[in-house]
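> structure of the sequence below:
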Amino acid sequence: MRGFLEIIERAKKEAAKSIFLFEGLPPILKADGLKSLNGRPLERRHLESFLEKNLTQWQKERFIAEKEIDYSIEVGSSRLRVNGFVRSGALGLVLRLIPEEVPSFDELLLPEFLKEFAKKRQGLFLVTGVTGSGKSTTLASLIELINRERACHIVTIEDPIEFVFKPKSSIISQREVGRDTKSFNEALKRVLREDPDVILVGEIRDRESMKVTIELAETGHLVFSTLHTRDAVQTLNRIIDFFPDEQKSAIYAQLANVLLGICSQRLIPRIDKKGYVCACEVLTVTDGVRNLIREGKIHQVPSLMESQKKEGMIKFDDSILELAKKGYIPIPEALEQAREEKVFIEKIREVRPTTSASYRKRGTLSIEKQNVLYQIDSSEMQFLDSSGFLMYTPLGLLFMEGQFYKAVDRNFIIDYSIIHGKKDGFTLKAFFSMEYLIKDVRVVKPGYSFGIFLTFSTSEQIEFPNPPLELILDEDWHSVTINIPRNFSGQVVRIVGVHFDSDIKQIFLRNMRFF
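All right, here's what the predicted structure looks like:
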């Protein structure tokens, strides 16, 4: 176990989201990308030993029968959620660190309006998102809020228990499936005998658990639960789809009566410190939403959310925009996450980053092709000039340092396509973006300067950003998205150029575009 403890401690320092322990591979952390710990490949006996020490007899029998297991453990001072499974005949474990203390709303940067749902006395509130999107953490914060501020009995039914609550104003009964109860459905059927005020259902998995959860909310209890759905509309549709057609009209009516709201969320890598920040879409069930649900007009809910923001409604794009404005996530990541891309681009152009990191994103950036106004490709190579050699490759445009580098203090690539009549000049809009991969350098440094320069039809020239952006040297592609100075928006461009650090000997560039 000593080796596993060292891995866990390393994961805590790196603020890793997950630890992958796969037979035949070294331990791998998932933080800002994947990071191998470069140890020896794990053998089956290592993983079997880990499971042997941490599984109960019931869990061992379940794993043998089902070839997968989900449970929580304490290792040293750390609490983890563990998923064990078989992959192509080999064992695999995915470990997720659970914070020792329940994070507060302020720490999680959750919308303040969510606290209103913790004040309710009855009804159903759902937290949704894909696996690993922080649903359990958000629910734990809501339960802890009730625990601090209300004198009541909170019953949780979980598989497995993640956060361990300490009674404060409330008393809390945490029940784990397999250890304290036979199944979710059995626990749900008997939970009313425990005289609860607040009920947490760890996850709604099937029609039966959905039906009982709705009925619990109907009996005058405040019920929290989760679903694996992406947004509010998909959540509503998923609930209805649990039931056969002949029951749907009744479920529309029941759901309209008991549903308080939905918080759908996703985690985005943050730039102000290690870790992730949560973007939330919040649906508050107002009278208008209630009527739409009752009438089965779920598709009209997004329009109502847009018009009722004062009621606590938050759409994903608004949440993402706010996180970018406050400097928690970079502009390229915000663009990647946005739902309504064209509208979002107009909104986010007002965001003026205060740090160089706000321009960068690990990996590539996908933007709709109709937004591409300018892009270098192989047919334009003859109109490019540089301080070195250029090659068009399957990976993109490759710049290789030439014999002229000593004559300039920086490397450059200039495109004269417009002057040569290859294409028309284009009107500048809001952003410049590109993807890059540095392959070779003269000197290893923390960052390498990069900038854009433009010549307009008026012969006026500009360079931006100021100070220059810093590119990163590692084995991954990165994308950058840079605001175009607002006072130059609308100018017609004649020449485009990029300049970068003279210490870069080889760099791949692709998807250079203005939008």
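
> buried ones in stretch 100-117, by neighbour count?
Within stretch 100-117, the residues that count as buried by 16 or more other Cβ atoms under 10 Å are 102-103, 105, 108-111, 113-114, 117. For the C-beta atoms, the positions are set from N, CA and C on the backbone; glycine is no exception.

> residue 395: which of the residues you listed is nearest?
Residue 395 has its nearest neighbour among the buried residues of stretch 100-117 in residue 109, at 37.1 Å by Cβ to Cβ.

> next, give phi and psi for the closest one.
Residue 109 has phi and psi values of phi 60, psi 40 when expressed as degrees, to the nearest 10.

> how close does the nearest residue to residue 428 once chain neighbours are set aside get to residue 427?
Nearest non-adjacent residue to residue 428, counting by Cβ to Cβ, 6 or more residues apart in numbering: residue 491, 5.0 Å away. Taking Cβ to Cβ, to the nearest Å as the measure, residue 491 and residue 427 are separated by 7 Å.

> neighbour-wise, which of the two wins?
More crowded of residue 491 and residue 427, by other Cβ atoms under 10 Å: residue 491, with 20 against 12.

> contacting residues around the more buried one?
427-428, 454, 456-458, 460 (Cβ atoms under 8 Å, 6 or more residues apart in numbering).

> residue 98 now?
If you count contacts by Cβ under 8 Å, 6+ apart, then residue 98 has 72, 78-81, 162-163 around it.

> now do the contacts for residue 167.
Residues near residue 167 by Cβ under 8 Å, 6+ apart: residue 147.

> measure it to residue 439 for me?
According to Cβ to Cβ, residue 167 stands 58 Å off from residue 439.

> how about the strands in the stretch 201-350 of the chain?
222-227, 259-269, 276-284 (DSSP state E, counting those that start in this stretch).

> quick one on the thing from earlier: ok, which pair from the buried residues of stretch 100-117 is furthest apart?
Longest span within those, Cβ to Cβ: 102 and 113, 19.4 Å.

> can you put the strands of the stretch 201-350 of the chain in a markdown table and add mean neighbour count and distance to residue 251?
Conversion of those to a markdown table gives the following (neighbours: other Cβ atoms under 10 Å; distance: least, Cβ to Cβ, whole Å):
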| stretch | mean neighbour count | distance to residue 251 |
| --- | --- | --- |
| strand 222-227 | 24 | 15 |
| strand 259-269 | 23 | 11 |
| strand 276-284 | 24 | 17 |
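
> distance to residue 195 and mean pLDDT added to those, as CSV?
CSV is the format used below for the strands of the stretch 201-350 of the chain (distance: least, Cβ to Cβ, whole Å; pLDDT from 0 to 100):
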stretch, distance to residue 195, mean pLDDT
strand 222-227, 14, 97
strand 259-269, 22, 96
strand 276-284, 29, 96
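
> now those strands in JSON lines, with distance to residue 371?
Compiled in JSON lines, the strands of the stretch 201-350 of the chain are given as follows (distance: least, Cβ to Cβ, whole Å):
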{"stretch": "strand 222-227", "distance to residue 371": "33"}
{"stretch": "strand 259-269", "distance to residue 371": "21"}
{"stretch": "strand 276-284", "distance to residue 371": "22"}
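
> quick revisit: now, the buried residues of stretch 100-117 that are in helices?
Counting by DSSP state H, the part of these found in helices is 105, 108, 117.

> contact partners for the last one?
Contact criterion Cβ under 8 Å, 6+ apart gives 125, 142, 260-261 as the residues in contact with residue 117.

> which one of the residues you listed is nearest to residue 60?
residue 142 (33.9 Å).

> so the closest one lies in a helix, does it not?
Yes: Residue 142 forms part of a helix when assessed by DSSP: H, G, I helix; E, B strand; the rest coil.

> wait, what's in contact with it?
114, 117-118, 125, 224.

> 10 Å instead?
102, 105, 110, 114-115, 117-118, 125, 127, 198, 200, 222, 224, 263 (Cβ atoms under 10 Å, 6 or more residues apart in numbering).

> what do you get for residue 37?
Per Cβ under 10 Å, 6+ apart, neighbours of residue 37: 6-7, 10-11, 14, 19, 26-29.

> is residue 278 in contact with residue 110, as I believe?
Yes: distance between residue 278 and residue 110: 6.5 Å, which falls inside the contact criterion (Cβ atoms under 10 Å).

> which residues do those two both contact?
Common contact partners of residue 278 and residue 110 (Cβ under 10 Å, 6+ apart): 134, 137-138, 263, 265.

> the residues you listed: which two are farthest apart?
Largest separation among the shared contacts of residue 278 and residue 110 by Cβ to Cβ: 137 and 263, giving 11.7 Å.

> list residues touching both of these two?
With Cβ under 10 Å, 6+ apart as the test, residue 137 and residue 263 both reach 110, 127, 278.

> so, low pLDDT: which residues of the stretch 401-515 of the chain?
404-407 (pLDDT under 70).

> what do you get if the cut-off is 50, keeping everything else the same?
The stretch 401-515 of the chain contains no residues with pLDDT under 50.

> follow-up on the earlier one: looking at the ones in helices among the buried residues of stretch 100-117, which has the smallest pLDDT value?
In terms of pLDDT, the lowest of those is residue 105, showing 88.

> gap between it and residue 50?
35 Å.
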